[in-house]
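*Asks:* this one's sequence-less:
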């Protein structure tokens, strides 16, 4: 068994992909204007729609306390409504997540809340959106982002997954990032990606 914790294993083996997703998102300049931000919300809505079932999975909720309360799909939908924007209509099949792969997707979704600190700041400063209007899903956890993430990682590491499950979870995390890239290219179809 590796000396790395489960969370460290996922982070170390998905970092390059994660960084490439970050660069792609920021290249679309989602906070330059309300139209770009609405597209970003459409992107977030599809992704969080996929992981919503993972957040509400009864077994995971037994193992990770209050997991269902962390789901952000409803908040993204409210943000879209605030901008009078609709969900994106995409000709793409949404993945059905199961087993340890679903945990990899969950890791990506919760991890994105840490990075959302910068996005939340941009939404506030550049567009005037905040936790009550337009940027609900980017708002920090009530306990603060850092404390919440450390607690979540503790629960993740406490799942006591075996080596095969680790690999499945990593595959899930990488698939989550790959799916996000597909969505990004479809929703920001007018953008030229390098």
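*Replies:* Ah, there it is. Nothing here was measured: the structure is a model prediction, and the numbers come from that model.

*Asks:* tell me where the protein has helices.
*Replies:* Ranges of helices within the chain are 6-27, 34-55, 58-63, 73-82, 99-127, 145-157, 163-187, based on DSSP state H.

*Asks:* mind giving me the packing neighbours of the fourth one?
*Replies:* This points to helix 73-82. helix 34-55 (3 or more CB pairs under 8 Å, 6 or more residues apart in numbering; DSSP states H and E). Bear in mind the C-beta positions are built from the backbone N, C-alpha and C, glycine included.

*Asks:* how far off centre is stretch 84-91?
*Replies:* Relative to its parent chain, stretch 84-91 has a centroid offset of 18 Å by CA atoms, centre = their mean, to the nearest Å.

*Asks:* circling back to that earlier point, the helices of the chain: which one's closest to residue 92?
*Replies:* Residue 92 lies closest to helix 163-187 among these, at 6.7 Å (CB to CB).

*Asks:* residue 135: neighbouring residues, count only.
*Replies:* For residue 135, the neighbour count with other CB atoms under 10 Å is 26.

*Asks:* try residue 53
*Replies:* For residue 53, using other CB under 10 Å, the count is 15.

*Asks:* chain neighbours aside, what residue packs nearest to it?
*Replies:* Nearest non-adjacent residue to residue 53, counting by CB to CB, 6 or more residues apart in numbering: residue 97, 6.7 Å away.

*Asks:* ok, residue 117 next?
*Replies:* That would be residue 145: by CB to CB, 6+ apart, it lies 5.7 Å from residue 117.

*Asks:* wait, that neighbour sits on residue 119?
*Replies:* No - using CB atoms under 8 Å, residue 145 makes no contact with residue 119, being 11.6 Å away.

*Asks:* which one's more surrounded, the two?
*Replies:* Comparing residue 145 with residue 119 by other CB under 10 Å, the one with more neighbours is residue 119, at 21 against 16.

*Asks:* which ones are touching that one?
*Replies:* Residue 119 makes contacts with 30, 31, 138, as judged by CB atoms under 8 Å, 6 or more residues apart in numbering.

*Asks:* relative to residue 136, how far out is it?
*Replies:* 12 Å (CB to CB, to the nearest Å).

*Asks:* want to throw the helices of the chain into CSV with distance to residue 93 and mean pLDDT?
*Replies:* Formatted as CSV, the helices of the chain follow (distance: least, CB to CB, whole Å; pLDDT from 0 to 100):
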stretch, distance to residue 93, mean pLDDT
helix 6-27, 20, 94
helix 34-55, 10, 97
helix 58-63, 23, 94
helix 73-82, 18, 98
helix 99-127, 15, 94
helix 145-157, 28, 92
helix 163-187, 10, 96
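
*Asks:* cheers, nothing more for now.
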